[in-house]
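Q: sequence and predicted structure, then a few things I'm wondering about:
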Amino acid sequence: MDTRWKPSVTVAAIIERDGRYLLVEEETPEGLRLNNPAGHLDPGETPLQAVVREALEDIRSSIQHGADTARIDAIVAIARAVADGEMELHAGVAASDLRVALLARPGIGVWTADYLTMTVAGDPDILLDTDLVVKNSAAQLGVGAAALAATAPWRSYASMHLWRHALLATPEKTDEGDV
């Protein structure tokens with residue numbers, strides 16, 4: 001008889017953004033139900049690793065057919081690496097280290113690495129010059145590449161101001177249409 005302890009642990013996540021919650025549709029004997037991402041603890045997993053895995057599995061299963069699976073795989077791989085402690089993704093990480101670690105991951109390109117380096121690590125000198133909104137705003141304002149380059153070592157702020165310009169130039173949308 002096996003006398004080893006075999007815990008039966010359930011993990012769950014409440015995922016909220018801007019007052020909206022991630023819910024998963026589940027078929028039950030009583031019909032379709034909405035639930036929060038949840039599941040079991042696998043052997044050797046920490047509760048945090050299990051929550052991340054279960055949430056990602058639930059999210060992946062709810063993605064519609066035809067989604068960009070390479071992009072999804074890249075996001076899942078980063079989330080797993082963070083949950084497993086293989087990669088640090090927080091404000092205390094050196095910006096240059098974060099950028100190198102991100103670019104070493106399959107599916108992560110320069111824009112994504114630069115965006116995360118700017119927003120997560122707080123690097124003040126990232127110009128997202130390939131970003132469509134940044135390009136369009138710079139063109140609308142008559143700001144050329146040389147002028148943007150001259151904002152070093154504060155190019156991240158130039159990127160953010162160009163995004164802000166686009167937001168201010170866009171009419172606010174509601175369920176009823178334009179405001």
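A: Now that the structure is in, tell me what you want to look at. Numbers count the residues shown, from 1 in each chain.

Q: C-alpha from now on. contacts and neighbour counts both.
A: Noted.

Q: which residue ranges form the helices in this protein?
A: Taking DSSP state H, the helices of the chain run over residues 47-62, 69-83, 95-103, 110-119, 132-141, 145-149, 155-169.

Q: correct me if wrong: residue 26 contacts residue 33.
A: Yes. Counting by C-alpha atoms under 8 Å, residue 26 does reach residue 33; the two are 5.2 Å apart.

Q: could you check the pLDDT of the residue minimising distance to the centre of the chain?
A: The centre of the chain sits closest to residue 75, judged by C-alpha atoms, centre = their mean, with a distance of 7.0 Å. pLDDT, residue 75: 78.

Q: can you name the residues that contact it?
A: For residue 75, no contacting residues are found, by C-alpha atoms under 8 Å, 6 or more residues apart in numbering.

Q: distance check, it against residue 112.
A: 11 Å (C-alpha to C-alpha, to the nearest Å).

Q: one more: residue 153?
A: Applying C-alpha to C-alpha, the value for residue 153 to residue 112 is 20 Å.

Q: before we move on, what about residue 37?
A: 26 Å.

Q: tell me who's in contact with residue 113.
A: So residue 113 contacts 98, 99, 102, 103 (C-alpha under 8 Å, 6+ apart).
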